[in-house]
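J.: just coords:
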């Protein structure tokens, strides 16, 4: 299932984070698994708040980092997909008319 710009990303309620040397570390309290985030991934995590639209996250990454827009889309979709598969976030797909 593809992620569209209007999809909502909601961080897991059982996930805590700590900034770490330009990146971040997430701890899933349910599974007791740690996840180390690089600078870009930590930037995305810090922008989630209670929820964020994928399009807003993409714009934020593009404005903050020197990255090709197509690569940004691919990498962000892969990151969000991996976070979703690990149970760190929920992605709510919103249909686009």
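T.: Ah, there it is. Note that this is a predicted model, so its numbers are computed, not measured.

J.: ranges for the strands of the chain?
T.: Applying DSSP state E to the chain gives strands spanning 8-11, 15-20, 23-28, 33-37, 52-53, 89-92.

J.: Please identify the most buried of those.
T.: Of all those, strand 8-11 has the most neighbours on average by mean count of other C-beta atoms under 10 Å, namely a mean of 19. Quick note: C-beta positions are derived from backbone N, CA and C, even for glycine.

J.: what residues does that one touch?
T.: Outside of strand 8-11, the residues within contact range by C-beta atoms under 8 Å, 6 or more residues apart in numbering are 45, 48, 50-54, 57, 80, 88-92, 94.

J.: Likewise for stretch 18-26?
T.: Contacts of stretch 18-26 (C-beta under 8 Å, 6+ apart): 15-17, 27, 34-39, 41-42, 45-46, 88.

J.: count of neighbours near residue 87?
T.: For residue 87, the tally of surrounding residues (other C-beta atoms under 10 Å) stands at 14.

J.: And residue 88, by the same measure?
T.: 23.

J.: about what we covered before: minimum distance to residue 66: which of the strands of the chain has it?
T.: strand 23-28 (17.8 Å; C-beta to C-beta).

J.: could you check the angle strand 15-20 makes with the closest one?
T.: 160 degrees (axes from the mean of the first three to the mean of the last three C-alpha atoms, to 10 degrees).

J.: tilt between strand 23-28 and strand 33-37?
T.: Using the same axes, to 10 degrees: strand 23-28 against strand 33-37 is 160 degrees.

J.: strands paired with strand 23-28, and their directions?
T.: With DSSP bridges as the test, strand 23-28 is paired with strand 15-20 (antiparallel), strand 33-37 (antiparallel).

J.: Export these as JSON lines, with columns for distance to residue 3 and mean pLDDT.
T.: As requested, the strands paired with strand 23-28 are arranged in JSON lines below (distance: least, C-beta to C-beta, whole Å; pLDDT from 0 to 100):
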{"stretch": "strand 15-20", "distance to residue 3": "19", "mean pLDDT": "92"}
{"stretch": "strand 33-37", "distance to residue 3": "18", "mean pLDDT": "95"}
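
J.: Nothing else from me, thank you.
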